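Student: Predicted model and sequence below, questions to follow.
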Amino acid sequence: MSRLFAALLAFAALLAGATPASAATITPVPDFGANPGNLAMFRYVPDGLPAGRPIVVALHGCTQNASGYGTGAGWTQLADRHRFAVVLPEQRTGNNANRCFNWFERGDTTRGQGEAESINQMVRHTIAATSADAQRIYVTGLSAGGAMTAAMLATYPDLFAGGGVVAGIAYRCAATMIDAFSCMNPGRDQTPARLGDAVRAASSHGGPWPVVSVWQGSTDSTVVPANATELVEQWTNVHGISPEPTRTDTVAGYPHAVYESGGAPVVESYTITGMAHGQPVDPGTADGQCGQAGAYLLDVNICAAWHMSGAWRLAG
């Protein structure tokens with residue numbers, strides 16, 4: 001009997017191996033709302049995702065696409081590991097020839113309008129489609145996607161619990177394309193109060209405000225490090241705290257600063273020394289690793305997505 005039972009178990013295992021369950025894929029969502037910004041929507045939902053899980057919105061950089069960024073930055077990998085859905089907006093060349101989100105256009109970064117409203121509609125659609133936890137929605141992005149992340153946090157602070165800006169730019173730094181280039185390099189120096197006022201004027205929201213993680217390469221000449229300082233000053237001012245860090249340390253050998261309110265971290269910054277323009281990744285499957293190296297996806301032995309997911313407590 002024991003041999004027969006073992007044989008039956010082996011046969012069952014063979015059948016299971018011959019017909020594996022289909023893996024989740026990044027899929028287009030053609031109809032998610034009025035879409036005033038004329039963006040394309042893609043979504044990644046792990047197989048068997050239960051109700052009540054978080055959502056992360058991941059915004060690609062210029063010349064990138066939704067699928068490549070979502071996979072390369074590590075977000076789909078982490079979605080499988082930690083069980084959350086990923087919304088992947090994609091810019092169309094008809095909106096911007098370089099596929100940059102139009103983070104500098106007032107019509108695309110004002111609440112209820114343009115690309116910002118399209119992204120809002122994608123999130124609302126996904127909350128309904130996956131029965132997600134509407135209190136655990138996060139947004140992140142690289143470069144133009146990072147600047148659009150800052151815009152989404154400013155215009156929809158009631159929707160997002162937090163965000164991660166990678167090589168991005170403070171909200172309302174620019175109003176035209178010419179402004180955009182000067183914001184990127186050499187940067188624009190504004191007072192913390194003016195930066196904070198721009199966020200407060202973007203909606204009628206009175207708080208609580210999203211928590212914000214800022215990532216910047218120290219040798220980035222496309223979006224210079226001064227922009228990370230502006231982002232920290234903007235969001236510490238919004239939170240009503242000092243722009244001086246509460247504490248500093250190093251993570252994977254890189255400088256890390258934390259800014260607390262009431263004993264809780266609400267803003268943090270990572271300076272990736274020696275890194276140029278791109279998203280920090282650390283390819284692999286070990287704890288702390290994620291992402292795939294590629295254009296503007298830089299293997300610097302730290303995965304920004306993994307650290308954001310930990311700060312946002314997406315696991316579980």
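Tutor: Sure, I can see it. The shown structure was predicted, so the numbers you read here are calculated from the model rather than taken from an experiment.

Student: can you give me the helices for the stretch 1-150 of the chain?
Tutor: Using DSSP state H, counting those that start in this stretch, the helices of the stretch 1-150 of the chain run over residues 2-18, 66-72, 75-82, 114-130, 144-155.

Student: so can I have a markdown table of these showing mean neighbour count?
Tutor: Every C-beta, even on glycine, is put in place using the N, C-alpha and C of the backbone. As requested, the helices of the stretch 1-150 of the chain are exported to a markdown table (neighbours: other C-beta atoms under 10 Å):
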| stretch | mean neighbour count |
| --- | --- |
| helix 2-18 | 9 |
| helix 66-72 | 23 |
| helix 75-82 | 21 |
| helix 114-130 | 20 |
| helix 144-155 | 30 |
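
Student: Could you provide the ones you listed in a markdown table, with additional columns for distance to Arg43?
Tutor: Listed next are those as a markdown table, based on distance: least, C-beta to C-beta, whole Å:
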| stretch | distance to Arg43 |
| --- | --- |
| helix 2-18 | 28 |
| helix 66-72 | 9 |
| helix 75-82 | 10 |
| helix 114-130 | 6 |
| helix 144-155 | 16 |
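
Student: quick one: the strands in the protein?
Tutor: With strands called from DSSP state E, the chain shows them at 27-28, 40-44, 55-59, 85-90, 137-142, 162-166, 211-217, 247-251, 254-261, 264-272, 279-281, 297-299.

Student: Please render those as a markdown table that adds mean pLDDT, distance to Cys290 and mean neighbour count to the earlier fields.
Tutor: Below are the strands of the chain laid out as a markdown table (pLDDT from 0 to 100; distance: least, C-beta to C-beta, whole Å; neighbours: other C-beta atoms under 10 Å):
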| stretch | mean pLDDT | distance to Cys290 | mean neighbour count |
| --- | --- | --- | --- |
| strand 27-28 | 98 | 21 | 12 |
| strand 40-44 | 98 | 14 | 22 |
| strand 55-59 | 99 | 12 | 29 |
| strand 85-90 | 99 | 13 | 26 |
| strand 137-142 | 99 | 13 | 29 |
| strand 162-166 | 99 | 13 | 29 |
| strand 211-217 | 98 | 14 | 25 |
| strand 247-251 | 98 | 15 | 11 |
| strand 254-261 | 98 | 16 | 17 |
| strand 264-272 | 98 | 15 | 21 |
| strand 279-281 | 98 | 7 | 29 |
| strand 297-299 | 98 | 11 | 19 |
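
Student: Output the ones you listed as JSON lines; include the columns distance to Ser131.
Tutor: Shown next, in JSON lines, are those (distance: least, C-beta to C-beta, whole Å):
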{"stretch": "strand 27-28", "distance to Ser131": "18"}
{"stretch": "strand 40-44", "distance to Ser131": "14"}
{"stretch": "strand 55-59", "distance to Ser131": "11"}
{"stretch": "strand 85-90", "distance to Ser131": "10"}
{"stretch": "strand 137-142", "distance to Ser131": "13"}
{"stretch": "strand 162-166", "distance to Ser131": "21"}
{"stretch": "strand 211-217", "distance to Ser131": "24"}
{"stretch": "strand 247-251", "distance to Ser131": "34"}
{"stretch": "strand 254-261", "distance to Ser131": "31"}
{"stretch": "strand 264-272", "distance to Ser131": "28"}
{"stretch": "strand 279-281", "distance to Ser131": "30"}
{"stretch": "strand 297-299", "distance to Ser131": "32"}
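
Student: Looking at those strands, which is nearest to Ala174?
Tutor: strand 162-166 (15.0 Å; C-beta to C-beta).
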